[in-house]
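Colleague: Okay, here's the prediction I keep looking at, along with the sequence it came from:
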Amino acid sequence: MRPQGALHLAGETCYVPGLTNSGYVDGLVIDTVGECEPYRGATLDTLVITHGHADHFSAGAVVRGLGARVIAARDDARMVENPEVNIRGMFSWARPGDLMVSKLFVGAPCPVDALAEEWSDPRARVIPLPGHTLGHIGVLTADGVLFSGDALYQRALWERHPLPYAIDPQMVADSVRLIDSLDFEVLVPGHGEPCDRTEASAHIAHHIERITEIEHFLLDALKTERSTEEAIALVSAKCGLSDHPAQYWLAVTTVKGFLGDMLGRGDLEFFVRDHMGWWKTKG
Ligand SMILES: [Zn+2]
């Protein structure tokens with residue numbers, strides 16, 4: 001018995017549309033929608049979680065209680081078992097105030113029974129797609145449907161979130177390129193609508209373009225030396241972000257992700273002056 005509201009995609013693979021989409025293949029669940037109801041009465045034995053952001057396992061503990069073994073990647077399993085780990089990580093392991101924390105990071109803990117790295121199943125396989133989080137994975141079903149979690153943002157999602165959260169944008173770019181090299185018929189993002197192979201390639205090209213655009217913006221903006229705080233403000237203003245504290249703290253991670261990548265590639269230099277961190281484009 002499939003989860004309530006499941007829509008057919010290909011072969012045995014279907015999905016339950018939601019604020020977070022949830023995949024389903026003959027007892028295997030991939031991420032959960034926000035609600036528990038669709039899973040009650042469904043046949044389920046395994047839940048694979050794409051990454052450790054709480055909006056992807058809202059019903060995880062309930063689905064586990066209904067008999068599913070929970071699988072997550074090693075680097076994200078702790079965040080699934082204790083969302084507080086992610087919340088603390090966002091604030092350099094100090095304790096942030098509630099107003100600073102995105103509601104997408106807050107949720108019920110879900111025990112993890114096995115690691116994705118050690119999981120093998122005829123219904124689907126795991127594709128490592130790091131960058132949004134360190135242990136982010138995609139799940140490619142035997143029917144050729146790729147559940148890509150938050151690795152790839154479709155154009156429509158970029159409109160609503162012009163600075164997609166990423167701990168490492170360069171890693172994200174490599175992951176979306178990897179998606180483009182995979183053999184699949186349908187891509188189901190964590191947020192958005194399923195699309196075919198051709199549409200997915202267009203979304204991938206767009207995603208890479210936007211990352212490159214932000215890098216070029218930073219290269220230009222940091223010709224004048226800027227503090228970390230100024231770099232965050234400049235990118236946030238360019239992207240038209242609000243001044244909401246939770247939005248700001250998501251941007252802090254993402255902009256630091258860009259700065260760290262560009263420093264690592266030798267495009268920027270970093271120094272401390274007057275007890276503040278400063279960045280400057282090299283050359
Ligand atoms: Zn996420």
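Modeller: Arrived safely.
Colleague: Show the contacting residues for the closest residue to residue 222 other than its chain neighbours.
Modeller: In this structure, residue 222 finds its nearest non-sequential neighbour in residue 281, 4.5 Å apart by C-beta to C-beta, 6 or more residues apart in numbering. Any C-beta I mention is one placed from the backbone N, CA and C, and that applies to glycine too. Applying C-beta atoms under 8 Å, 6 or more residues apart in numbering to residue 281 gives the contacts 218, 219, 220, 222, 223, 267, 268.
Colleague: Give the bridge partners for the last one, please.
Modeller: So the one you mean is residue 268. Listed by DSSP bridges, the beta-bridge partners for residue 268 are residue 281.
Colleague: Got phi/psi on residue 187?
Modeller: Dihedral pair for residue 187: phi -110, psi 130, per degrees, to the nearest 10.
Colleague: wait, it sits on residue 194?
Modeller: Yes - counting by C-beta atoms under 8 Å, residue 187 does reach residue 194; the two are 6.8 Å apart.
Colleague: what about the two, which has more around it?
Modeller: More crowded of residue 187 and residue 194, by other C-beta atoms under 10 Å: residue 187, with 27 against 19.
Colleague: Identify the bridge partners of the more buried one.
Modeller: Going by DSSP bridges, residue 187 forms beta bridges with residue 146, residue 195.
Colleague: measure it to residue 15 for me?
Modeller: From residue 187 across to residue 15, the span is 11 Å (C-beta to C-beta, to the nearest Å).
Colleague: Tell me the residues that contact both of these two, please.
Modeller: Contacts common to residue 187 and residue 15, judged by C-beta under 8 Å, 6+ apart, are 145, 194.
Colleague: The ion: which of the contacts of residue 281 is nearest?
Modeller: Among these, residue 218 lies closest to the ion (C-beta to the ion), at 22.8 Å.
Colleague: wait, what's in contact with the closest one?
Modeller: If you count contacts by C-beta under 8 Å, 6+ apart, residue 218 has them with 231, 234, 235, 258, 259, 262, 268, 281.
Colleague: hmm, try it at 7 Å
Modeller: Applying C-beta atoms under 7 Å, 6 or more residues apart in numbering, we find residue 218 in contact with 231, 235, 258, 262.
Colleague: what's the most distant pair in these?
Modeller: Farthest pair in these (C-beta to C-beta) is 235 and 262. Separation: 11.9 Å.
Colleague: The residue of the stretch 101-250 of the chain found nearest the ion: how many residues sit nearby?
Modeller: The ion sits closest to residue 150 of the stretch 101-250 of the chain, with a gap of 3.7 Å, by C-beta to the ion. For residue 150, the neighbour count with other C-beta under 10 Å is 27.
Colleague: That one reaches residue 55, doesn't it?
Modeller: No - checked against C-beta atoms under 7 Å, the pair residue 150 and residue 55 is beyond contact range at 9.0 Å.
Colleague: so the closest residue to residue 239 other than its chain neighbours, which of the three states?
Modeller: Ranked by C-beta to C-beta, 6+ apart and with sequence neighbours excluded, the top spatial neighbour of residue 239 is residue 162, at 3.9 Å. For residue 162, the assignment made with DSSP: H, G, I helix; E, B strand; the rest coil gives coil.
Colleague: Just to check, residue 162 is in contact with residue 238?
Modeller: No - look at residue 162 against residue 238 with C-beta under 7 Å: they stay out of range, at 8.5 Å.
Colleague: Quick one: residues contacting the closest residue to residue 224 other than its chain neighbours.
Modeller: Leaving aside its sequence neighbours, residue 224 sits nearest to residue 280 (C-beta to C-beta, 6+ apart; 7.8 Å). By C-beta under 7 Å, 6+ apart, the contact set of residue 280 is 222, 225, 268, 269.
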